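Novice: just to be clear, the model below is a prediction. Sequence and coordinates:
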Amino acid sequence: MKKLLLLIVVLASFGFTANHFYPIDGYALTGIKRLAYLERVKSGEIKSHRIPPGAFRPLDSIGLNLKDRKSELGAVPQIDEALQGRIEQLFRGLDKNYSIAVLDMTKGQPIRYAQHRESVGYQPGSVGKLVVLSAFFNQLCQILPGGDFEERRQLLKDKIVKAGNWALYDHHTVPIYDLDTQNLVKRTIRATDEFTLYEWLDNMVSVSNNGAASVVWREAVLMHVFQGEYPKLTFEEGEAYFKKTPKSELSEMAINLVNEPLRELGITEEEWRLGKFFTNGAGNYIPGRDGSIGTPIGLIKFVIALEKGEIVDEASSLEMKRLLYMTDRRIRYAASKRLDSSAVYFKSGSFYKCDKDKGKCGDYAGNVYNYMNSVAVVEKPNGTRYAVCLMSNVLHKNSAYDHLMLASKIDAIMDDEQDD
């Protein structure tokens, strides 16, 4: 009985109703067919234990935590000494190759910030898809600059684009749901696959598909080049443009296109930059240059700008945050059971390399380098709101468990701090 009462309290705190749960109530808005499948999961028609209670937050309850507090902080707040001391204690027994930035943005409380080795650079891996996400929405605004976001949303929902060789190859599968047969399959992307822009964005973020990230980046480039002609642009017309344009010119334009929005946010080139596409297929069209790097200080600046509604505009920032909402099995940092009842907006990334002559090695346990990164915004039922940007490079081991344990400890610290 006590467990039942606790569940009711948790659901009530998230504003649940009997028949409207996010992401289920997002299907009509976006046309992302994965959400229609999850409606059947929530109704009980399909049994699933993958989705924690915190993943069922209503669409209209998702908001930006700092949009009304812009005057209280700049790019990065001053360090809060009490929080700083507690965060630093977490790393005294861990490998030195960990870096972090933590931001408490709980409504009605002072903004507090702590950091540890915040300017150390790491290969960002799939966290770099946040850069592509912001560049895409920036270009979307350029071709549809009116204040009404619904016009942009309609393009995201209606325009279907083909994968082509850009999406090849990636081992990450994507969910493909047939509305007529109600059949869901998960498989790797094929060159012949077609999805709406919304679904490409969702595949890039929700399952971190590299092929989807390359397609989204490609579409941002095409928006930049074709401007008002883009909504009716065909796949063949886009391919013709890429084939006739020198690769050096394409590379300079594409790399600048994704990185310039970061510079406008005050994130320097050494704090965060993206230097190449996510698939070899896309690299055959547009070569990379200058490499990629990320730092916790660069990532937290991005999160602050997102929560202030300053990435492109408020509507775009909100839509990006909705896409980051975790609505499936949670991994790495987000896998902490302490976060099960919390809404989590999340992106993680890994990048590793093995050398057989250097001993022990395996998947996500590289012995040359072994990057694992997590960006998370956590919104707890008790009203606590905070963000964590964690980056690591620990050789010979999968750091997912360490990230999970740090998530649990940081969440406990945030609860203690609010109690104080």
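Specialist: The structure has been received and is ready for your questions. Computed from a prediction, not measured in an experiment: that's the story for all the values here.
Novice: Ser392 should be in a strand, yeah?
Specialist: Yes. The assignment for Ser392 is a strand, going by DSSP: H, G, I helix; E, B strand; the rest coil.
Novice: ok, Gly238 - how many residues close by?
Specialist: Close neighbours of Gly238, defined as other C-beta atoms under 10 Å, add up to 21. In this view, the C-beta of every residue, glycine as well, is placed from N, C-alpha and C.
Novice: let me fix that, I meant to ask about Ser206.
Specialist: With neighbours defined by other C-beta under 10 Å, the count for Ser206 comes to 23.
Novice: kindly report the same for Ile111.
Specialist: Ile111 has 17 neighbours, counted by other C-beta under 10 Å.
Novice: equivalent analysis for the one 3 residues further on, please.
Specialist: When neighbours are defined as other C-beta under 10 Å, Ala114 has 23 of them.
Novice: shaky segments in the stretch 301-420 of the chain?
Specialist: Residue ranges of the stretch 301-420 of the chain with pLDDT under 70: 417-420.
Novice: can you show me the strands along it?
Specialist: In the stretch 301-420 of the chain, the strands defined using DSSP state E, counting those that start in this stretch lie at 343-353, 369-379, 385-393.
Novice: need the ones you listed in JSON lines with distance to Asn256 and mean neighbour count, can you?
Specialist: Output for the strands of the stretch 301-420 of the chain, formatted as JSON lines (distance: least, C-beta to C-beta, whole Å; neighbours: other C-beta atoms under 10 Å):
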{"stretch": "strand 343-353", "distance to Asn256": "22", "mean neighbour count": "22"}
{"stretch": "strand 369-379", "distance to Asn256": "23", "mean neighbour count": "25"}
{"stretch": "strand 385-393", "distance to Asn256": "24", "mean neighbour count": "24"}
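Novice: okay, those strands in TSV with distance to Lys276 next?
Specialist: Conversion of the strands of the stretch 301-420 of the chain to TSV gives the following (distance: least, C-beta to C-beta, whole Å):
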stretch	distance to Lys276
strand 343-353	12
strand 369-379	15
strand 385-393	19
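Novice: for Ala163, which of the ones you listed is the nearest?
Specialist: With C-beta to C-beta as the criterion, Ala163 lies closest to strand 343-353 of these, at 21.5 Å.
Novice: helices or strands up against the closest one?
Specialist: Packed against strand 343-353 by the contact rule (3 or more C-beta pairs under 8 Å, 6 or more residues apart in numbering; DSSP states H and E) you find helix 129-143, strand 369-379.
Novice: what's the nearest residue to Ile293 if we skip its chain neighbours?
Specialist: Leaving aside its sequence neighbours, Ile293 sits nearest to Gly121 (C-beta to C-beta, 6 or more residues apart in numbering; 4.5 Å).
Novice: quick one, phi psi at that neighbour?
Specialist: phi -90, psi 140 (degrees, to the nearest 10).
Novice: can you check Met326 too?
Specialist: For Met326, the backbone dihedrals (degrees, to the nearest 10) come out as phi -80, psi 120.
Novice: okay, now the residue nearest to Thr188 when sequence neighbours are not counted: neighbour count?
Specialist: Leaving aside its sequence neighbours, Thr188 sits nearest to Thr173 (C-beta to C-beta, 6+ apart; 5.7 Å). By the measure other C-beta under 10 Å, the count of residues near Thr173 is 14.
Novice: and Ala163, by the same measure?
Specialist: Around Ala163 there are 22 residues (other C-beta under 10 Å).
Novice: hmm, Arg190 and it touching each other?
Specialist: Yes. Counting by C-beta atoms under 8 Å, Ala163 touches Arg190, with 6.7 Å between them.
Novice: run through the bridge partners of the residue minimising distance to the centre of the chain.
Specialist: Nearest residue to the geometric centre of the chain (C-alpha atoms, centre = their mean): Lys347, 3.7 Å. In this entry, Lys347 is beta-bridged to Val375, by DSSP bridges.
Novice: would you mind measuring from it to Tyr333?
Specialist: 10 Å (C-beta to C-beta, to the nearest Å).
Novice: one more: Asp290?
Specialist: 28 Å.
Novice: flag every buried residue along the longest helix along the chain.
Specialist: Assignment by DSSP state H gives helix 400-419 as the longest helix of the chain. Under the neighbour-count criterion of 16 or more other C-beta atoms under 10 Å, helix 400-419 has Ala400, Asp402, His403, Leu404, Leu406, Ala407, Lys409, Ile410, Asp411, Ile413, Met414, Glu417 buried.
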